[in-house]
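# Sequence first, predicted model second:
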Amino acid sequence: MDQLNSARDKIDTCDQLIINAFEERMEAVEKVIKYKQEHGLAIYDSKREVEVLEKVLKNVKNPENIEAVQYLYQEILMISRKMQSKMLFPFNIVLIGFMGTGKTTVGKVLAEKLEMDFIDIDSLISERLGKTISQFFHENGEVAFREIEKAVVEEVSNLSNTIISCGGGVVLHEENITNLRKNGKTILLMANEETIYNRIKTDQSRPLLKNGMGIEKIKELLQYRRELYTKSADVIVNTEGKSPEAVCNEMIKIILNN
Ligand code: S3P
């Protein structure tokens, strides 16, 4: 019994040390945040994480603990990234723009870089409806789709620390943008009509372009929407000739400086 109690005392002491060290670590993380904020750097620095892990593993005395320490540190690094992210971005980043401007692709990369959550409104709608957007358009029409889109937009606008990728037509209803801007910065992704056409010409998932798909149709829709897109945007990023990675890095600098 004495042995058990003394081992438990030892555990309590270790836990206290762990907590103290963890809190000190978090304070240091806060300092890193301030630095990254001032210098427009990405939250996720894979090189630094590898370095941290290597250093930690070198200090493990009992080789049997290596796997557990590795696991523990992956969790600690994730917690620290998420904490940095929540502090830097207590708001949502809302990606708007025409079909094929890269909202979803860029959004996923950005979410990973900034350790933010990611939501694609079209995917969410499709998941809830149990059918593709194209199928829903075909069966119920655009007006019915816009009503569902509005409700989902209102719901996701209440989130925080989330990258929200919107369908291209989200700007058609002003209330969507008002909702999304309550706790979000809107970023408009732009691309040339030819680029958009080349990106989506073989994609059958866009109901508005299914019939009469062609560059003329894209021009016509864009012509009508151009002003809506610009007035809905807090920031405009041209994606022309840039990789998703490059677009993200540009966005991070802009967001941090705003
Ligand atoms: C639409 C764009 C689509 C989808 C629906 C309507 C639009 O989303 O919401 O087909 O009106 O521009 P993407 O922009 O993600 O393709």
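Yep, it's here. Numbering: from 1, shown residues only.
# any idea which element E194 lies in?
helix 193-200 (DSSP states H and E).
# what about that helix and the ligand, any contact?
No. Using C-beta under 6 Å from any ligand atom, we find that helix 193-200 stays clear of the ligand, coming within 7.5 Å at best. Backbone N, C-alpha and C define where each C-beta goes, glycine included.
# Can you confirm whether stretch 120-127 lies near the ligand?
Yes. Interface with the ligand: stretch 120-127 contributes D122 (C-beta under 6 Å from any ligand atom).
# if we can go back for a sec, which other residues reach the helix holding E194?
The set of residues external to helix 193-200 that reach it, using C-beta atoms under 8 Å, 6 or more residues apart in numbering, is 98-102, 191, 206, 209, 214-215, 218-219, 222, 240.
# Tabulate these in JSON lines, adding columns for pLDDT.
Shown next, in JSON lines, are the contacts of helix 193-200 (pLDDT from 0 to 100):
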{"residue": "F98", "pLDDT": "97"}
{"residue": "M99", "pLDDT": "94"}
{"residue": "G100", "pLDDT": "93"}
{"residue": "T101", "pLDDT": "96"}
{"residue": "G102", "pLDDT": "95"}
{"residue": "A191", "pLDDT": "96"}
{"residue": "R206", "pLDDT": "79"}
{"residue": "L209", "pLDDT": "73"}
{"residue": "G214", "pLDDT": "81"}
{"residue": "I215", "pLDDT": "86"}
{"residue": "I218", "pLDDT": "90"}
{"residue": "K219", "pLDDT": "92"}
{"residue": "L222", "pLDDT": "94"}
{"residue": "E240", "pLDDT": "96"}
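# which of those residues lies closest to the ligand?
If you rank those by distance to the ligand using C-beta to the nearest ligand atom, M99 comes first, at 3.6 Å.
# Skipping adjacent residues, who's closest to the closest one in space?
Spatially, and ignoring its direct neighbours in sequence, M99 is nearest to G168 (4.4 Å; C-beta to C-beta, 6 or more residues apart in numbering).
# On the three-state scheme, R81 is what?
Under DSSP: H, G, I helix; E, B strand; the rest coil, the three-state class of R81 is helix.
# Settle this for me: it is touching D45, isn't it.
No. Using C-beta atoms under 8 Å, R81 is not in contact with D45, being 9.3 Å away.
# list the contacts for G241?
Applying C-beta under 8 Å, 6+ apart, no residues qualify as near G241.
# In a helix, it, correct?
No. Under three-state DSSP, G241 sits outside any helix and is assigned coil.
# can you count the residues close to E174?
Number of residues near E174 (other C-beta atoms under 10 Å) recorded here: 11.
# er, Y44 actually
Going by other C-beta under 10 Å, the residues that sit close to Y44 add up to 15.
# in the chain, which spans are helices?
2-39, 46-58, 66-88, 103-114, 121-129, 133-156, 174-182, 193-200, 207-210, 215-232, 244-257 (DSSP state H).
# Could you list the buried residues of the fifth one?
Within helix 121-129, the residues scored as buried using 16 or more other C-beta atoms under 10 Å are 121-122, 124-126.
# before we move on, the earlier item: restricted to buried residues, select the contacts of helix 193-200 in ChimeraX.
Provided next is the ChimeraX selection string for whichever of the contacts of helix 193-200 are buried by 16+ other C-beta under 10 Å:
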select :98,99,100,101,102,191,206,209,218,222
